[in-house]
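K.L.:
The sequence isn't on hand, but the structure is:
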């Protein structure tokens, strides 16, 4: 058995009839059957999917891989690892392939042989579906489902156009640089992977001749459900990557406030849009003309309703609590289990409106993507402050600070949406200010504060969100009014028991899933604190740096007796 | 196909190296392996570092080394002084993982069921992972693969002892073994794979955090240069997947 040139990966769940249509269209491919294979990943279907696949086995080079229902990202990864070809084409089970689809994808890869090029094909709407006002709106006007109107054949695009179900890429590039994050059961798995791959110059070439056709109708209710789930995934994406670029793509900027404005009218918005949808559908079905006013009104109603659905999804997930970013440098995980299983109404792509055409992100070159002057500036200041740090401590004669590895972590992971705290102050305080987190620092030395602020002002680092409390942490923390921190750094007084007191007063001011850094573990009080936390079920070690340990808070810490503390129990004798 | 690994002598030898001067999960690991199981277990560990051997681990600590030493050389020493014929499986374990409850019974049940002479548990999603291929694939029980990584835990069935032991000390830290092993396993007509249903958490230390990546890469290249091996693209492949 020779190695095929292309592996088509088709993940499916309880859509046996649609799958049969999709496979029929693959049988008709112009590409020789020895040149491709079809990997069907059955994501736990309970219908007759297996039989449908079996009926095509004589006609197609196929491999069937079954898994218990685990969601789209896991299914795609399963497909990647089952495939043999150098080019992987991800297909949806509700799309029909044009006969030259496979050949067109291969042709473009031939023109762009470097590993970092992917190919995006064009997905048309079935002509019957195209008449439906809702589908017309979400594909051509609002671009919730596809945003092709702004693309031109041959465009070289950025990762925001790596749309699932119609894109292909090089297997070895994924093997080397990353696969889908299994936390995404529906939506965003494609863009999130694209975002990670963009660090390796990932690009997407658009081939308008690589055509597939969507054949599944979507009702208004199903589309609302889809957008709520999309919003949930966008929130997860935003929590994995605090980068402002991701926050923008995931529509997180001001989302909380917008939802506060929408939540009271949410039901009304949905009801109105649904009524209008029914009216325009009826008119279309009976061949009645849609006057301009009705059309505009329906579009406005769709827009308001769909925007609210996404905001609702974002809020849903925020309320459930997404996890803070992990630092393992590979596929981070968030709370996989609470996401419901896939349902029949799921879509398999994830595109907020017209992202590829968001001209604010696009430089004038042929490659579309955003330039990042702000990040460049931040990086240069960061390098300066870490390589030649200002003298802050001991009357301005020396500098104490975190290791470069921890500073790098803070620099890479923090952003203006975060609320952070540290005991002590130093270079880390400047880095928090640079990243514009809402940052609080406690130090007994007001001069240290002045030196830091002066340095920031000299370097044009904003200090508006930097707040100092002058005094000893053990005296100030009991009545400290702030809470809900995303990150707490314990790096103040290191004498026993101060690190323990800092932890005690701050642990429940840290959000669940927030991060705690204990610095200077070479010192006994800090090391013992870390040993204690490592044994506590409420804390999980996220990373071990040279002199610091990073913990993630799993849940709020109840008041405990010593018998509830494994570290203490292990070292104690029970009376009697 | 009936498994060829059905145990005749249900004994498992657990060998590993733990660090004295870095945070580790050795206590939790020892405790988990000490639990009552359908397998008889024997643990043999080497302590590496200058600190004191914890009292509760002393009984399974065969020796203490206070100077830098290569993991697979130390493992070879442990293995050569043990009568391997007495064991059905050898489990090689690092000290920086968290094992799930009843790990050994659940893990080996699937290893035996799917006839995997060389195997390892998948890594939990929040683990440090160099190769995403070893991350747990949700929805699967196990998979027959062409890749088993050199850590943090792998098991070898007695039928694979002759091809696996002693470890080739041309790469004493093990760099490159995982791309060489599949050729040995295939040649011996055995199966290797990953158990997804019983993942372990590897979240304490990065595999290469205490070594230079460059050194590892150079040692791997040297090791593989004169040995048959698979490329990552060939190795990260599922021959067959298993689900309920």
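P.N.:
Received, thanks. Quick caveat, the model's predicted, so the values are computed rather than measured.
K.L.:
Now the residue nearest the centre of chain B: closest residue in space that isn't a chain neighbour?
P.N.:
Closest residue to the average C-alpha location of chain B: residue B:154 at 2.2 Å, with Cα atoms, centre = their mean. In space, residue B:154 comes closest to residue B:120 once its chain neighbours are excluded; the distance is 4.1 Å by Cβ to Cβ, 6 or more residues apart in numbering or on different chains. Every residue, glycine included, has its C-beta placed from N, CA and C.
K.L.:
Just read off the phi/psi values of the one you found.
P.N.:
phi -160, psi 160 (degrees, to the nearest 10).
K.L.:
sorry, back to before: for the residue nearest to the centre of chain B, give me its contacts.
P.N.:
Residues in contact with residue B:154, defined by Cβ atoms under 8 Å, 6 or more residues apart in numbering or on different chains, are B:91-92, B:118-120, B:148.
K.L.:
So it belongs to a strand, correct?
P.N.:
Yes: the assignment for residue B:154 (DSSP: H, G, I helix; E, B strand; the rest coil) places it in a strand.
K.L.:
Any idea what it is bridged to?
P.N.:
Note on residue B:154: beta-bridge partners by DSSP bridges are residue B:92.
K.L.:
and the host helix or strand of residue A:409, which residues are buried?
P.N.:
When secondary structure is defined using DSSP states H and E, the element that contains residue A:409 is helix A:404-413. In terms of neighbour count (16 or more other Cβ atoms under 10 Å in any protein chain shown), helix A:404-413 has its buried residues at A:406-411, A:413.
K.L.:
Show me which residues of chain B are close to chain A?
P.N.:
Contact residues of chain B with respect to chain A, defined by Cβ under 8 Å from any Cβ of the partner chain, are listed as B:22-23, B:124-130, B:132-133, B:135-140, B:143, B:203-206, B:209, B:232-233, B:236-238, B:241, B:243-244.
K.L.:
Please indicate which of these are buried?
P.N.:
Listed as buried from those are B:22-23, B:124-130, B:132-133, B:135-140, B:143, B:203-206, B:209, B:236-238, B:241, B:243; burial here means 16+ other Cβ under 10 Å.
K.L.:
Give me the subset of those lying in strands.
P.N.:
Secondary-structure check on these using DSSP state E: residues within strands are B:143, B:238, B:241.
K.L.:
Hmm, the second one is touching residue B:142, no?
P.N.:
No: using Cβ atoms under 8 Å, residue B:238 is not in contact with residue B:142, being 10.1 Å away.
K.L.:
Quick one: low-confidence residue ranges for the stretch 451-576 of chain A.
P.N.:
Across the stretch 451-576 of chain A, residues meeting the criterion (pLDDT under 70) sit at A:575-576.
K.L.:
Up against chain B, what does it have?
P.N.:
Contact residues, the stretch 451-576 of chain A versus chain B (Cβ under 8 Å from any Cβ): A:530-531, A:534, A:540-542, A:544, A:549.
K.L.:
Widest-spaced pair of those residues?
P.N.:
Across these, no pair lies farther apart than A:531 and A:542, at 16.1 Å, counting by Cβ to Cβ.
K.L.:
Between these two, which is the more surrounded one?
P.N.:
Here residue A:531 and residue A:542 are compared on neighbour count by other Cβ atoms under 10 Å in any protein chain shown; more neighbours surround residue A:542, at 23 against 14.
K.L.:
what are the phi and psi values for that one?
P.N.:
The main-chain torsion angles of residue A:542 are listed as degrees, to the nearest 10 and equal phi -100, psi -40.
K.L.:
pretty sure it is touching residue A:513, no?
P.N.:
No: with the criterion set as Cβ under 8 Å, residue A:542 and residue A:513 do not qualify as a contacting pair; they are 10.5 Å apart.
K.L.:
what's around residue 66, how many residues?
P.N.:
I went with chain A, as the question did not name one. Here the count is done by other Cβ under 10 Å, and residue A:66 has 20 residues near it.
K.L.:
if you could check chain B rather than the one you did, that'd help
P.N.:
Around residue B:66 there are 12 other residues, counting by other Cβ under 10 Å.
K.L.:
What strand or helix carries the nearest residue to it once chain neighbours are set aside?
P.N.:
The shortest distance from residue B:66 to any non-neighbouring residue, by Cβ to Cβ, 6+ apart, is to residue B:50 (5.0 Å). For residue B:50, there is no enclosing helix or strand under DSSP H and E.
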